[in-house]
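*Asks:* what follows is a predicted structure for the sequence shown.
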Amino acid sequence: MARLAAIDINFDSLGWAFSLSRPDFRDPTYFGVADRFLALAERFGFKYTIFVIGQDLENPEVAARVRDWHQQGHEIGNHSWHHHANLGALHPDAIEREVMRAHERITEVCGAEPRGFIAPAWSTSGELLRVLDRHDYLYDTSQFSSYVMWLIATKLWWNFRGDPRQGRMMDRRDWLQNLTGRIRPFVVRPGAGPAGGAGSGSRRGIVVLPLPVVPLLRLPCWHTLSFFLPPAGFRALLRRALRAEYFYYLVHPADLMDRDDLRLLAAAGNGSLERIETSLDAKREALETWLVEIKAGSQRMVTLREIAEDVLARETALA
């Protein structure tokens, strides 16, 4: 049984998915879709960790919603400014701009600095960790320690054919880490990324929370996979993942969205949205089913920040 479990949302908005920047566009992911997620949090008695894209907060209505979530006790994390799917492969200066521009906007909106980060498409690197450590982030949860990431990147590349962003989907620096990276939370010491690079950083280091992965076969456990496995198979995978001391379950806005939410996108350009053919009722039932399993399989539901603080405290006590 997991001692601590968290539910986090990578808030990949429709504005990003369809490259929409019209000032009159009211992104339903931040309103009707978000309300469905919030209702589940209320019903099951937990707070989310919500990773937002910085540029979305330029919209005053969106900023007000995110501020409300923060005031309700949900953790707001940093998901970069533009959501470049090759973030970890960018020049170090570009990585820093992506992280810090979003950091500053989230801080302005919420009145509190984000302490956690996740890279778009889990595109991580030692340089990204050094940037986060230098700016005193508590944790990063961008590591995907499974070969399944190779399949995801290939699928994203195919989904975005005809889109200028297609080339970014395969531009990564973590291919080997996807196969050999650690699968349990760990602390990276000051200035040292996974490859052991040098540099200055916080004295504390940064907690790395890899996506939950089942040992041996290195099968990852996050909500998207439940749409591809039979229920019995995914239940077995989830229960095995919940044996770890720490567990978190990653979801996306598309997991509670249906075609009625896309009415405003009739004139949209290129874009990709997974799972849109599955009905909202089926999606809601599936997520509720797995939340019941997670609550039963853990001692306490917390935010990712609380998990990272616990990991750090235990590591410090053993040092």
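*Replies:* That came through, no problem.
*Asks:* C-alpha only now, for contacts and for neighbours.
*Replies:* Noted.
*Asks:* run the chain-centre distance for the helix or strand harbouring Ala39.
*Replies:* Of the helices and strands defined by DSSP states H and E, Ala39 is found in helix 32-44. Put simply, helix 32-44 sits 17 Å off its chain's centre (C-alpha atoms, centre = their mean, to the nearest Å).
*Asks:* immediately after that helix, which helix or strand?
*Replies:* Moving toward the C-terminus from helix 32-44, the next helix or strand (DSSP H and E) is strand 49-52.
*Asks:* pairing partners for that following strand, with directions?
*Replies:* strand 2-11 (parallel), strand 75-78 (parallel) (DSSP bridges).
*Asks:* once you drop chain neighbours, what's closest to Arg300?
*Replies:* When the adjacent residues along the chain are set aside, Arg300 lies closest to Leu4, with 5.1 Å between them (C-alpha to C-alpha, 6 or more residues apart in numbering).
*Asks:* need the contact list for the one you found.
*Replies:* Leu4 sits next to 245-247, 298-302, 307 when contact means C-alpha atoms under 8 Å, 6 or more residues apart in numbering.
*Asks:* can you pick the most crowded of those residues?
*Replies:* Counting neighbours by other C-alpha atoms under 10 Å, Phe247 comes out on top of the contacts of Leu4 with 31 neighbours.
*Asks:* doesn't that residue fall inside a helix?
*Replies:* No. Following the definition DSSP: H, G, I helix; E, B strand; the rest coil, Phe247 is strand and is not counted among the residues of a helix.
*Asks:* what's the separation between Tyr246 and Pro120?
*Replies:* Between Tyr246 and Pro120 the distance is 22 Å, computed by C-alpha to C-alpha, to the nearest Å.
*Asks:* and the lowest-mean-pLDDT helix or strand in the chain, what's buried?
*Replies:* Counting by mean pLDDT, DSSP states H and E, the weakest-scoring helix or strand in the chain turns out to be helix 14-17, with a mean of 82. Along helix 14-17, these residues count as buried under the neighbour rule (16 or more other C-alpha atoms under 10 Å): 14-16.
*Asks:* do the same with stretch 105-122
*Replies:* Of the residues in stretch 105-122, those with enough neighbours to count as buried (16+ other C-alpha under 10 Å) are 105-106, 109-110, 113-122.
*Asks:* adding secondary structure, distance to Pro164 and pLDDT, write those out as TSV.
*Replies:* Listed next are the buried residues of stretch 105-122 as TSV, based on DSSP: H, G, I helix; E, B strand; the rest coil; distance: C-alpha to C-alpha, whole Å; pLDDT from 0 to 100:
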residue	secondary structure	distance to Pro164	pLDDT
Arg105	helix	26	98
Ile106	helix	27	98
Val109	helix	31	98
Cys110	helix	33	98
Glu113	coil	32	98
Pro114	coil	30	98
Arg115	coil	32	98
Gly116	strand	29	98
Phe117	strand	25	98
Ile118	coil	23	98
Ala119	coil	20	98
Pro120	helix	16	96
Ala121	helix	16	95
Trp122	helix	20	97
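*Asks:* quick revisit: got the contact list for the helix holding Ala39?
*Replies:* Taking C-alpha under 8 Å, 6+ apart as the criterion, the residues outside helix 32-44 that touch it are 28, 47-48, 253, 256-257, 261, 288, 291, 295.
*Asks:* what does stretch 297-305 give?
*Replies:* 1-8, 46-49, 74-75, 115-116, 138-139, 239, 242-243, 248, 295.
*Asks:* kindly check the end-to-end length of that stretch for me.
*Replies:* Counting by C-alpha to C-alpha, the length from the leading to the trailing residue of stretch 297-305 is 20 Å.
*Asks:* also stretch 65-82?
*Replies:* Terminal-residue distance, stretch 65-82 (C-alpha to C-alpha): 19 Å.
*Asks:* and that stretch, which residues are buried?
*Replies:* Going through stretch 65-82 with 16+ other C-alpha under 10 Å, the ones that come out buried are 65-67, 69-70, 74-82.
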